[in-house]
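> sharing a model that was predicted from the sequence below.
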Amino acid sequence: MANNAPSKGIRRTVGNVLVFLPGTVVMMSSVLKLVGVPRVVHQMATMGFSGGRYTLVAVLELVSAGLFLYPRSRSFGLLLLSAFLGGAICAHVQIAELPKAVGPAILLTLAWSGIWLRHPEVLWSWTKTHAAS
């Protein structure tokens, strides 16, 4: 058991970093949208997000990131963040900007990896004891 303690601590630390990075990046992205950075506004407009839709996307992004970063709401935040980033990937693919879909895909991968490192039970359905059920 004593040998597991250091690896558990490392897993927890790396998990925390992998949760913090995508959560912070998504939160900063929402702030850039809410502040109205011209380049961001233009990019969103090319994808059909302007006016109320633009604001809705920025607010949803902020709420998703906030819930994800706050430990007590992290599971719900992961759900919302996954939906949000999946939508971002789809939006870029829809307008044939495949390279721009890589960023949200990486953030999504980091978020799920961090959650798995911090809370391995998140993938409970993949364990051998549940696979036969």
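That came through, no problem.
> helices of this structure, residue ranges please.
4-35, 38-46, 52-69, 74-94, 98-118, 128-131 (DSSP state H).
> any chance of those in CSV, plus mean neighbour count?
Backbone N, C-alpha and C define where each C-beta goes, glycine included. Output for these, formatted as CSV (neighbours: other Cβ atoms under 10 Å):
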stretch, mean neighbour count
helix 4-35, 15
helix 38-46, 13
helix 52-69, 18
helix 74-94, 17
helix 98-118, 17
helix 128-131, 8
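> next, format these as JSON lines and append mean pLDDT.
Shown next, in JSON lines, are these (pLDDT from 0 to 100):
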{"stretch": "helix 4-35", "mean pLDDT": "93"}
{"stretch": "helix 38-46", "mean pLDDT": "95"}
{"stretch": "helix 52-69", "mean pLDDT": "97"}
{"stretch": "helix 74-94", "mean pLDDT": "96"}
{"stretch": "helix 98-118", "mean pLDDT": "96"}
{"stretch": "helix 128-131", "mean pLDDT": "60"}
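> ok, residue 86 touching residue 108?
Yes. Counting by Cβ atoms under 8 Å, residue 86 touches residue 108, with 7.1 Å between them.
> residue 53 and residue 28: what is the separation?
20 Å (Cβ to Cβ, to the nearest Å).
> likewise for residue 92?
On the measure of Cβ to Cβ, residue 92 and residue 28 end up 18 Å apart.
> I am finished for the moment; much appreciated.
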